[in-house]
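Student: pasting a predicted model and its sequence here:
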Amino acid sequence: MSNSLAILGDKPSFSKPLYVTLPSVPEISSFVEVSKKIFDSRWLTNDGYYVRKLESVLKNRMRIPYCSVLCNGTLALELAIRSLGLKGEIITTPFTFVATAHAISRNGIRPIFCDIEKDTYNIDASKIEELITSKTSAILPVHVFGNPCDIKTIEIIAKKYSLKVIYDAAHAFDVKYMGNNIAQYGDLSVFSFHATKIFNTLEGGAVSCKSKEICRAIKDLRNFGIRSEEEIVCSGTNAKMNELQAAFGLLNLSKVTKGINKRKKLYNRYVSNLNDIPGLLFQKINNDATYNYAYFTVQVSDNEFGLNRDDLYTCMRKEGVMVRKYFWPLCSNLHFYKASIFCKNKALSSANLISNRILSLPLHETMKEKDVDVISRTIRLCNTYSNKIIIKLNKLKRYR
Ligand code: T4K
């Protein structure tokens with residue numbers, strides 16, 4: 001095997017950057033057609049036809065009684081928390097995108113970080129009970145990378161202590177758990193329809209729920225608290241999705257299943273290409289799940305692989321492979337959470353370990369199998385020539 005690696009002076013594998021994801025978009029002609037209808041109608045936002053249609057289509061697809069769409073997943077989370085009137089402390093995971101913790105703290109609530117499982121990367125349900133206090137009002141787990149967390153155990157704990165459960169299902173669109181759509185679990189489930197997600201409305205989000213009153217509350221909250229021309233029922237905000245976003249989403253929806261199937265092929269190809277390389281571990285997907293292949297990540301164990309995650313990151317970036325460190329830094333290590341008493345479980349050892357080892361590789365439906373092969377071969381070369389690479393990286397560090 002030749003040691004043709006950009007870090008060692010060869011040409012990069014990709015002449016143009018290959019990003020970790022690439023948004024799915026509808027046919028431009030169909031978007032122009034629907035945009036024309038919206039332009040002609042001059043109804044651009046404020047609970048219009050396409051927003052209502054999207055909510056109705058999502059309700060049927062997810063088999064949920066109520067659905068509210070919003071302008072993004074972060075505000076969907078914030079308003080979901082507010083709609084339940086939560087207070088005090090919410091137990092969550094530190095291994096997530098910052099939006100999860102921010103949505104809690106921006107509601108004036110303390111996020112209490114619970115450690116995660118080393119193999120699934122989800123909140124470790126066996127460690128939740130020890131964090132419950134008289135101030136705990138809810139558990140807010142994340143289905144990390146679309147992988148359902150231990151819903152069975154979490155629901156038992158929530159029932160025992162009368163806690164609400166909100167799932168951050170930002171990554172979990174179209175995932176099934178025990179044969180049911182993931183949106184059916186918890187008091188509420190929150191989705192992100194950001195451009196980088198399996199299903200996107202450019203920017204967007206949704207809350208699925210079982211209660212008519214809570215759905216009503218979310219719709220009030222997203223519209224300044226205005227229920228009708230003469231009724232302002234709470235101090236809401238502006239978190240509305242507009243008509244162009246909703247129409248874009250409706251067109252994109254028809255592509256989701258095909259996209260997931262394509263991702264599945266690429267994901268499995270990564271696994272079969274990489275599984276004999278020492279020191280690379282894959283996320284364990286919940287046995288009760290039908291997965292959506294939202295992300296492909298590797299955990300890099302430096303002792304066995306020969307390089308640590310950051311070294312591999314540098315090598316891949318030199319190749320034009322725009323890998324990402326999802327999720328690093330860990331929420332609990334951010335100064336505004338770390339310096340506070342928000343972080344009760346001091347150790348969070350698994351979360352720190354995974355955050356320091358994790359690397360997201362490109363996975364999107366426009367990628368070719370050949371791309372996966374080239375990336376995999378590069379990772380294998382990094383393992384084979386790890387000693388040479390370390391010498392090179394040390395030299396680079398010295399001259400920096
Ligand atoms: N909860 C969880 C667990 C989440 O992961 C997220 C969001 C939320 C809540 C909040 O939902 P939103 O409010 O975002 O709806 C990205 C996304 O912006 C963010 O939505 C997502 N999670 C997070 C995991 O990833 P960044 O800062 O990594 O985005 P960025 O701009 O670096 O994009 C990633 C790559 O995607 C780029 O390198 C290139 C590609 N890309 C991106 C955009 C925006 C494109 O090719 N085209 C594009 O338009 O956060």
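Tutor: Thanks, I have the structure now.

Student: give the contact list for whichever residue of the stretch 1-150 of the chain sits closest to the ligand.
Tutor: The stretch 1-150 of the chain approaches the ligand most closely through G73 (2.6 Å), counting by Cβ to the nearest ligand atom. Placement of C-beta: from N, CA and C, glycine included. Neighbouring residues of G73 by Cβ atoms under 8 Å, 6 or more residues apart in numbering: A99, A170, V190, F191, S192, F193, H194, G204, G205.

Student: of the residues you listed, select the buried ones using a PyMOL command.
Tutor: Selecting only the buried entries of the contacts of G73 in PyMOL, with 16 or more other Cβ atoms under 10 Å as the criterion:
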select buried, resi 99+170+190+191+192+193+194+204+205
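
Student: how about the lowest-mean-pLDDT helix or strand in the chain: buried residues?
Tutor: Within the chain, no helix or strand scores below helix 335-338, which has a mean of 86 by mean pLDDT, DSSP states H and E. Within helix 335-338, the residues that count as buried by 16+ other Cβ under 10 Å are Y337.

Student: what helices or strands is the helix or strand that comes right after it leaning on?
Tutor: Once helix 335-338 ends, the next helix or strand along the chain (criterion: DSSP states H and E) is helix 349-357. Of the remaining helices and strands, those touching helix 349-357 by 3 or more Cβ pairs under 8 Å, 6 or more residues apart in numbering; DSSP states H and E are strand 296-300.

Student: pull the residues that contact the helix or strand following the strand it packs on.
Tutor: Going down the chain from strand 296-300, the next helix or strand is helix 302-305, by DSSP H and E. Where contact means Cβ under 8 Å, 6+ apart, the residues beyond helix 302-305 that reach it are I277, P278, G279, L280, N308, R309, D311, L312, R357, N383, S386.

Student: what subset of the contacts of G73 is also close to the ligand?
Tutor: On the criterion Cβ under 6 Å from any ligand atom, A99, A170, S192, H194, G205 are the entries of the contacts of G73 that sit beside the ligand.

Student: looking at those, which are in strands?
Tutor: Of the ones next to the ligand among the contacts of G73, the ones assigned to strands by DSSP state E are S192, G205.

Student: what number of residues are in the vicinity of T45?
Tutor: For T45, the count of nearby residues is 17 (other Cβ atoms under 10 Å).

Student: which ones are touching it?
Tutor: T45 is in contact with K240, M241, N242, E243, counting by Cβ under 8 Å, 6+ apart.

Student: and if we set it to 7 Å?
Tutor: Residues near T45 by Cβ atoms under 7 Å, 6 or more residues apart in numbering: K240, N242, E243.

Student: got the phi/psi numbers for it?
Tutor: Phi and psi for T45, reported as degrees, to the nearest 10, are phi -160, psi -170.

Student: buried set for stretch 50-60?
Tutor: Within stretch 50-60, the residues that qualify as buried are Y50, V51, L54, E55, L58, K59, counting by 16+ other Cβ under 10 Å.

Student: tabulate these (a markdown table), appending secondary structure.
Tutor: Shown next, in a markdown table, are these (DSSP: H, G, I helix; E, B strand; the rest coil):
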| residue | secondary structure |
| --- | --- |
| Y50 | helix |
| V51 | helix |
| L54 | helix |
| E55 | helix |
| L58 | helix |
| K59 | helix |
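
Student: biggest helix in the protein, by residue count?
Tutor: For the chain, the helix that runs over the most residues, judged by DSSP state H, is helix 256-274.

Student: in the following helix or strand past that one, what's buried?
Tutor: Counting by DSSP H and E, the next helix or strand C-terminal to helix 256-274 is strand 280-282. Neighbour-count burial for strand 280-282 flags L280, L281 (criterion: 16+ other Cβ under 10 Å).

Student: then stretch 392-400?
Tutor: Neighbour-count burial for stretch 392-400, counted by 16+ other Cβ under 10 Å, picks out K392, L393.

Student: what's next to it, contact-wise?
Tutor: Residues contacting stretch 392-400 (Cβ under 7 Å, 6+ apart): I7, L8, D311, T314.

Student: by neighbours, which of the contacts of T45 wins?
Tutor: E243 leads the contacts of T45 on contacts (other Cβ under 10 Å) with 25 neighbours.

Student: hmm, K176 and T290 touching each other?
Tutor: Yes - using Cβ atoms under 7 Å, T290 is in contact with K176, at 3.9 Å.

Student: which non-adjacent residue is nearest R63?
Tutor: Nearest non-adjacent residue to R63, counting by Cβ to Cβ, 6 or more residues apart in numbering: N181, 5.5 Å away.
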